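J.: Got a predicted structure plus its sequence, pasted below:
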Amino acid sequence: MPTLLILTGPQGSGNHLFSKVFALHPAVSGWSALLDQYWIGHDQEPFADCWRDPELLKSKDWSSHKFWVTSISCPYVDDGIISIPKYQQFIETAKELGIKVIVTVIGRDQNILRFQQKRVRDTISLYDFENNMSYLTSLNPVFVSQELLYLYRGHYLDDLARQLNFPVDSHNKILDDILKNDANTKYIKSAARQKLDLIVKRVSKMQPGKISTFMSRIFLRNKDDIARKAH
């Protein structure tokens, strides 16, 4: 029985990133063209015709691989037209064919998602994906994270492989190139010093018995400040 892994998430959440990662394993039929090009539109993804018309899944030759991956963002641009994936029709048709379907929901920092969507698309499309969450969560999806992928790399992918029971080449040298530049970096700026910073530094140097007394004083001082501002 073939296994089909569906990678889906809001626009800009990491659909292309995870498509590249899952295309590395030789036992998987994935979006291998992305390994040679940085970005390709979702209307050229290997299953694009089936997302337009899920009935085409019935005429697809599934004999070449046991494991398959398809990536679809929500919404996605299909030949210039903003489109919402036909999740339910696509998944139900695949299951009718005896295909095991695994769904992953990709996440990324919500603020960065909004900035990215506004910058690239001139509109925030996150809500289109949120409107499909009730159906997607009914399928017991595995939630995956762009931030965790960049942070823990191969260790995170090994864990995903176990959760999904799906092959992932977590030691492929190409992975270093894929994860070379964290896409979040351009959105991050160093924060100014915060009031709590000083407190944390002082506490970290104190003897254990003195910490509770010190924190109690801080709490009472802050409580008095709040009371004064209230008057």
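T.: It's in. Numbering: from 1, shown residues only.
J.: From here on, just use CA atoms for contacts and neighbour counts.
T.: Will do.
J.: chain center to stretch 63-76, what's the gap?
T.: Relative to the centre of its chain, stretch 63-76 is centred 15 Å away, using Cα atoms, centre = their mean, to the nearest Å.
J.: And for stretch 129-144?
T.: For stretch 129-144, the distance to the chain centre is 12 Å (Cα atoms, centre = their mean).
J.: Between the two ends of that stretch, how far is it?
T.: 15 Å (Cα to Cα, to the nearest Å).
J.: same deal with stretch 81-89?
T.: End-to-end for stretch 81-89, by Cα to Cα: 20 Å.
J.: Next one: residue 134 from residue 141, what distance?
T.: From residue 134 to residue 141 the distance is 11 Å (Cα to Cα).
J.: Bridged to the residue nearest the centre of the chain, which residues?
T.: Nearest residue to the geometric centre of the chain (Cα atoms, centre = their mean): residue 106, 2.6 Å. Assessed by DSSP bridges, residue 106 has beta-bridge partners residue 144.
J.: Just the pLDDT for it.
T.: Residue 106 carries a pLDDT score of 98 in this model.
J.: mind checking how far it is from residue 98?
T.: Applying Cα to Cα to residue 106 and residue 98 gives a distance of 25 Å.
J.: Likewise for residue 11?
T.: Residue 11 sits 30 Å away from residue 98, going by Cα to Cα.
J.: Compare those two (neighbour count), which wins?
T.: A side-by-side neighbour count of residue 11 and residue 98, using other Cα atoms under 10 Å, places residue 11 first with 26 against 11.
J.: Test my guess that that one contacts residue 74.
T.: Yes: contact criterion Cα atoms under 8 Å: residue 11 and residue 74 qualify, at 6.0 Å.
J.: How is the chain divided into domains?
T.: 3-186, 195-230 (automatic domain parsing).
J.: end-to-end on the longest one?
T.: By that I understand domain 3-186. 36 Å.
J.: Kindly report the same for stretch 8-15.
T.: Terminal-residue distance, stretch 8-15 (Cα to Cα): 6 Å.
J.: And for stretch 55-72?
T.: 17 Å.
J.: Give me the buried positions along it.
T.: 57, 62, 67-72 (16 or more other Cα atoms under 10 Å).
J.: I'd like the average pLDDT over it.
T.: 97.
J.: quick one: contacts for residue 18?
T.: Contact analysis of residue 18 by Cα atoms under 8 Å, 6 or more residues apart in numbering lists residue 7.
J.: Quick check: phi and psi at residue 52.
T.: Reported as degrees, to the nearest 10, the phi and psi values for residue 52 are phi -70, psi -40.
J.: Need the pLDDT of it.
T.: Residue 52 is given a pLDDT of 96.
J.: which residues does it contact?
T.: Residues near residue 52 by Cα under 8 Å, 6+ apart: 85-86.
J.: same question, residue 43
T.: 49, 76-79.
J.: Residue 188 too?
T.: So residue 188 contacts nothing (Cα under 8 Å, 6+ apart).
J.: so how far is residue 83 from it?
T.: Residue 188 is 30 Å from residue 83, by Cα to Cα.
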